[in-house]
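Asks: build me a model:
(one chain, ligands or ions: 1)
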Amino acid sequence: MSEKPVLLQIGSVTERMRARLEAEFEIHKLFEQEDRAAFLAQVGPSVTAIVTDGHWGVPEDVMAACPELKVVSSYGVGYDAIDAEGAAQRGILVSHTPDVLNDEVADTAILLWLGVSRRVVPADRWARSGDWEARGAFPLTRSVQGRTMGILGLGRIGQTIAERAQAFGAKILYHSRAPKPVDFTYCADLVEMARQSDVLVCITPGGAATRHLVNAQVLEALGPEGILVNVSRGSVVDEAALVAALESGALGGAGLDVFEAEPKIPDALKAMDNVLLTPHVGSATVETRQAMGDLTCDNLSRFLKDGTVLTPVPECKALNG
Ligand code: NDP
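Replies: Predicted coordinates:
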């Protein structure tokens, strides 16, 4: 029998993470099993730790099959795919990877905003296709200078986005459940904030509490010149309402990194020139993914040492030492 504690791996890990995890744990991979129920029945009782990510989280059947589970380390800051409250009630510590990805995700939000305003993809197509020679200059675009940016969710990443937007002379408004100790203007009413904004950036957590916060009314308030940027979770935006608003011209454009049924993206969005799409790559650079992987492993190593983690999710802070 192995002396090492048993770790269940859900989703994939990088080579660098694998090397570290293998040194400390006996690893079993959930997705390599043909008969999941039989695998969970056999391995579940010995599992004390799980490594997962923001996409896969911890499915209910896994939670139920692991009565000795003590710690879940998730690769990513968003943990809406994990029942963190239920885990806390069972005394299971859940950790995530906050802060190390703030800069990257903020860069992605700015990139989407600039890309939609300045029509980067259609301009690139114009340059490559020969339209420049055949049809002349590319049509004028809209400047991002001196705009009003509404930020939905002024947390770690939201504040980093605000700092970057100020370099473009933006006036910053924000909406969240409670005002923050910042110099930006708090808007208690999201529709009113959208009405005042040229660009609305979504960067709240996902989950039931934020589902469809951005609905038809918010999009209409943002208006025919307005731009929606979503780098939070697809569930935060009513995607059907978004498609309808873009099709009718009620909304000017959108830059989207996340989608309601990703990796599926509605064909209607793919066909639109005023929409810039990225495949959930907000934090996806070599440097930032390495930092996230290191923190994911550091949390597990710390747990083995003293039963605490470095970066617990808020629901589990009371359990952390
Ligand atoms: P934080 O917890 O620091 O910030 C979240 C913010 O959202 C807070 O200001 C919070 O304020 C606000 N908020 C939470 N619930 C609501 C609500 N119901 N209504 C309005 N505002 C709300 O999180 P981070 O900034 O670190 O990360 C935010 C999210 O970004 C992650 O949870 C994840 O979903 C997403 N993300 C996406 C990535 C990508 O690749 N596209 C990469 C990384 C993160 P208050 O509590 O006062 O409401």
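Asks: my guess is residue 54 meets residue 72, correct?
Replies: No - counting by CB atoms under 8 Å, residue 54 does not reach residue 72; the two are 11.9 Å apart. For the C-beta atoms, the positions are set from N, CA and C on the backbone; glycine is no exception.
Asks: when the two are compared, which one has more neighbours?
Replies: Just comparing residue 54 and residue 72: by other CB atoms under 10 Å the higher neighbour count belongs to residue 72, 31 against 22.
Asks: for the ligand, give me its nearest residue in the stretch 51-200 of the chain.
Replies: Nearest residue of the stretch 51-200 of the chain to the ligand: residue 155, at 1.7 Å (CB to the nearest ligand atom).
Asks: OK, contacts around that residue?
Replies: Going by CB atoms under 8 Å, 6 or more residues apart in numbering, residue 155 touches 176, 203-204.
Asks: which residue is the nearest non-sequential neighbour of the residue nearest the centre of the chain?
Replies: With distances taken as CA atoms, centre = their mean, residue 232 lies nearest the centre of the chain, 4.4 Å away. Leaving aside its sequence neighbours, residue 232 sits nearest to residue 202 (CB to CB, 6 or more residues apart in numbering; 4.4 Å).
Asks: surely that neighbour is in contact with residue 234?
Replies: No - assessed by CB under 8 Å, residue 202 is found out of contact with residue 234, at 10.0 Å.
Asks: these two: which has the busier surroundings?
Replies: Between residue 202 and residue 234, residue 202 has the larger neighbour count (other CB under 10 Å), namely 26 against 19.
Asks: where does the more buried one land on pLDDT?
Replies: pLDDT recorded at residue 202 is 99.
Asks: show me what it is bridged to.
Replies: residue 152, residue 230 (DSSP bridges).
Asks: going forward, the N-terminal residue is numbered 40.
Replies: With the count now opening at 40, the last piece we talked about shows up as residue 241.
Asks: would residue 196 count as being in a helix?
Replies: Yes - according to DSSP: H, G, I helix; E, B strand; the rest coil, residue 196 belongs to a helix.
Asks: enumerate the residues of the stretch 40-189 of the chain near the ligand.
Replies: 116-117, 137, 140, 144 (CB under 6 Å from any ligand atom).
Asks: strands of the stretch 40-189 of the chain, residue ranges please.
Replies: Taking DSSP state E, counting those that start in this stretch, the strands of the stretch 40-189 of the chain run over residues 45-48, 65-68, 86-92, 110-114, 132-134, 187-191.
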